[in-house]
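[1] sequence? don't have it. structure:
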Ligand code: ADP
């Protein structure tokens, strides 16, 4: 039974800002049901502590640079039996609101310290340097917030193997060189072959360079990030590590996202009995204050309002869209400029466009249940979960052919429709014209009731649960263990990754 320490900066339902929270909240339980022994480590954010319920202190440890100890509190991830450890250091985590951003939407100024601290706690747990008598075989880290973990562990002779999953390469955890000094990291780590990235400290490079195995959340994104277009300056490094990089598609929590059992929606329905979807549509139109019209196509969108999600394309397309006989509902939060523009547009098209700025889990479910179509014109999309929810809810996704969207939505070409494989509308170019043409295609297809129902049904029947992907992760953990074993046999002279402290000549950034 492999023992896995999952280190993440968010996990639903304790704390979530996006897809990472969904994954860290559901993959551990899926691994556990395949007989892995998984423990989850998260920061003890105020909201997470409140939602965690009963917690007990399991250990205290001292972390370099901190004058008071860090507590490790233990509870269970709500709704599962996954043992969850919260790293408790109030000056870093006991504050209200967003885990990464201050109330003005700017990164918390002490983020580097907060996530370096998480890495030190993870490292201590991984090496059995706390009172907790449990040592993992694998440490599975996620995104830049955990990037220092593989870097710190790589310095150890005898250590668990490490896996680093990229959920979004464009968030890299970049800080000025002074931060490197302030964090008192080993000077050898300041090198372009380690954490230095064009004169700055890069947390994500710790994961990308030092983890035994790298994954990302779809096969297409795994290929894309090795190109300059999607590589965010790290494509060269990723090409070098290509043999260790693979794409494993995210699964969804299919008990949480199930139209037949969804606690957030008014009328349950299923692939066999889809009739109630219409009632959910009327309820959604009512909730958004739009005219309740069964026959008017209703398009939904949920997501972070950032350029990645193509929100600018939607805004550019709005005049055209609003000339079509359709309604559009948007739920999201993100960059202020987009929030302001959307609000302004609502005043122009009050009967066709409705927008909720904010984060609302229940409303996200109701949009999936009530909309006819779901729009995701992302510029890049590591995996994307909303299109998977849409497929499950019989809501036809309209998506760009990129990343996980390309891997999961089958375009409604004549051939795919004929063979019964089509599940959505896929378009190529990140241009307003292409988006509008895709919407027109969807509107035309919807008029063909038989074909539309067939597409809905094909999507609803698909299995995007964690079953398959969890098995892939378990295989990957074995590969990571082999890679780590070979390293221990052959060191020094590891070829694919620089081992800090073995050959580093640099001695930290110049003051
Ligand atoms: P990303 O991780 O890039 O934000 P994903 O599609 O992978 O995008 O996952 C987004 C997750 O966050 C989904 O579960 C989605 O429903 C949820 N989500 C995003 N924005 C909101 C919001 N404003 N309100 C409720 N849920 C949201």
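    Here it is on my side, so go on. Since the structure is predicted, the reported quantities are computational estimates derived from the model, not experimental observations. Residues are numbered from 1 along each chain as shown.

[2] can you tell me which residues contact residue 173?
    By Cβ atoms under 8 Å, 6 or more residues apart in numbering, the contact set of residue 173 is 111, 112, 115, 144, 145, 147, 202, 203, 204. The C-beta positions use only the backbone N, C-alpha and C, and glycine is treated the same way.

[3] Quick one: residues in contact with the worst-scoring helix or strand of the chain on mean pLDDT.
    Using mean pLDDT, DSSP states H and E, helix 466-490 stands out as the lowest-scoring helix or strand of the chain, at a mean of 88. For helix 466-490, contacts defined as Cβ under 8 Å, 6+ apart pick out 2, 4, 26-27, 30-31, 33-34, 36, 137-138, 140, 157-163, 211-213, 215, 244, 246, 248-253, 494.

[4] Please apply the same query to stretch 289-298.
    Here stretch 289-298 has contacts from 278, 281-282, 284-286, 325-329, 351-352, 354, 370-373, 442-443, 446, using Cβ under 8 Å, 6+ apart.

[5] Which members of those are positioned in helices?
    278, 281, 282, 284, 285, 286, 370, 442, 443, 446 (DSSP state H).

[6] Kindly report the residues of the chain close to the ligand.
    For the chain, the residues in contact with the ligand (Cβ under 6 Å from any ligand atom) are 18-19, 22, 168, 302-304, 331-333, 359-361, 364, 383-386.

[7] ok, back up a step: which among the contacts of stretch 289-298 count as buried?
    Taking 16 or more other Cβ atoms under 10 Å as the criterion, what is buried in the contacts of stretch 289-298 is 281-282, 284-285, 326-329, 352, 354, 370-373, 442-443, 446.

[8] name the element the residue in the stretch 101-250 of the chain positioned nearest to the ligand belongs to?
    Nearest residue of the stretch 101-250 of the chain to the ligand: residue 168, at 6.0 Å (Cβ to the nearest ligand atom). Using DSSP states H and E, residue 168 falls within no helix or strand.

[9] list the contacts for it?
    20, 143, 308, 382.

[10] Considering those residues, which possesses the most neighbours?
    Neighbour counts for the contacts of residue 168 (other Cβ atoms under 10 Å) peak at residue 382, which has 29 neighbours.

[11] what about it, is that helix, strand or coil?
    Here residue 382 is recorded as coil under DSSP: H, G, I helix; E, B strand; the rest coil.

[12] Can you pull the phi/psi pair for it?
    Phi and psi for residue 382, reported as degrees, to the nearest 10, are phi -50, psi -50.

[13] The stretch 151-300 of the chain: strands as residue ranges?
    Per DSSP state E, counting those that start in this stretch, the stretch 151-300 of the chain carries strands over the ranges 161-166, 174-175, 196-197, 200-202, 213-216, 245-247, 298-305.

[14] Can you name the residues that contact the closest residue to residue 43 other than its chain neighbours?
    Spatially, and ignoring its direct neighbours in sequence, residue 43 is nearest to residue 93 (4.6 Å; Cβ to Cβ, 6 or more residues apart in numbering). Taking Cβ under 8 Å, 6+ apart as the criterion, residue 93 is in contact with 43, 44, 45, 46, 87, 114.

[15] For the ligand, state which of these is nearest.
    The closest of those, once distances to the ligand are taken by Cβ to the nearest ligand atom, is residue 45, at 17.0 Å.

[16] Which residue, other than its chain neighbours, is closest to the closest one?
    Excluding its sequence neighbours, the residue lying closest to residue 45 (Cβ to Cβ, 6+ apart) is residue 93, at 5.0 Å.

[17] So out of everything in the stretch 1-150 of the chain, what residue is nearest the ligand?
    In the stretch 1-150 of the chain, the residue found nearest to the ligand is residue 19; the distance is 2.4 Å by Cβ to the nearest ligand atom.

[18] re the thing from before, only the buried subset of the contacts of residue 93, as a ChimeraX command please.
    Of the contacts of residue 93, the buried ones can be selected in ChimeraX as follows, counting by 16+ other Cβ under 10 Å:
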select :43,44,45,87,114
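
[19] Out of the contacts of residue 93, list just those in helices.
    46, 114.

[20] surely residue 195 meets residue 180?
    Yes - applying Cβ atoms under 8 Å, one finds residue 195 in contact with residue 180, separated by 6.9 Å.

[21] Which residues are in contact with each of those two?
    Joint contacts of residue 195 and residue 180 (Cβ under 8 Å, 6+ apart) are 189, 201.

[22] So between these two, which is more surrounded?
    Higher neighbour count among residue 195 and residue 180: residue 195, with 28 against 21, using other Cβ under 10 Å.

[23] in the stretch 251-400 of the chain, which spans are helices?
    With DSSP state H, counting those that start in this stretch, the ranges of helices along the stretch 251-400 of the chain come out as 277-287, 311-323, 336-348, 361-370, 386-392.

[24] hey, which of these is tucked in deepest?
    helix 386-392 (a mean of 27; mean count of other Cβ atoms under 10 Å).

[25] circling back to that earlier point, using JSON lines, please lay out the contacts of residue 168 together with pLDDT.
    Formatted as JSON lines, these follow (pLDDT from 0 to 100):
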{"residue": "20", "pLDDT": "96"}
{"residue": "143", "pLDDT": "98"}
{"residue": "308", "pLDDT": "96"}
{"residue": "382", "pLDDT": "98"}
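
[26] wait, which of those is closest to residue 438?
    residue 308 (18.2 Å; Cβ to Cβ).

[27] domain ranges for this structure?
    3-251+469-497, 277-460 (automatic domain parsing).

[28] Same list (these) but as a markdown table, adding distance to residue 262.
    A markdown table is the format used below for those (distance: least, Cβ to Cβ, whole Å):
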| stretch | distance to residue 262 |
| --- | --- |
| domain 3-251+469-497 | 14 |
| domain 277-460 | 6 |
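
[29] so who does the residue of the stretch 401-511 of the chain found nearest the ligand touch?
    Relative to the ligand, the nearest point of the stretch 401-511 of the chain is residue 404 (7.9 Å; Cβ to the nearest ligand atom). For residue 404, the contact set (Cβ under 8 Å, 6+ apart) comprises 217, 218, 220, 221, 249, 250, 381, 382, 383, 384, 387.

[30] So, low pLDDT: which residues of the stretch 351-500 of the chain?
    490-500 (pLDDT under 70).

[31] Assumed residue 31 was part of a strand.
    No - remark: residue 31 does not belong to a strand; assigned using three-state DSSP, it is helix.

[32] my guess is it meets residue 24, correct?
    No - assessed by Cβ under 8 Å, residue 31 is found out of contact with residue 24, at 11.4 Å.

[33] The two: who's more crowded?
    Counted by other Cβ under 10 Å, residue 31 and residue 24 do not tie: residue 24 has more neighbours, with 27 against 24.

[34] Can you list the neighbours in contact with the helix or strand harbouring the more buried one?
    Assigned by DSSP H and E, residue 24 falls within helix 19-32. With Cβ under 8 Å, 6+ apart as the contact definition, helix 19-32 has outside contacts at 4, 6, 8-16, 38, 40, 42, 77, 80-82, 142-143, 167-168, 217, 250-253, 256, 382-385, 465-467, 469-470, 473-474.

[35] what about residue 188, how many neighbours?
    Neighbour number of residue 188 under other Cβ under 10 Å is 21.

[36] Could I get the pLDDT score of residue 505?
    Model confidence at residue 505, given as pLDDT, is 48.
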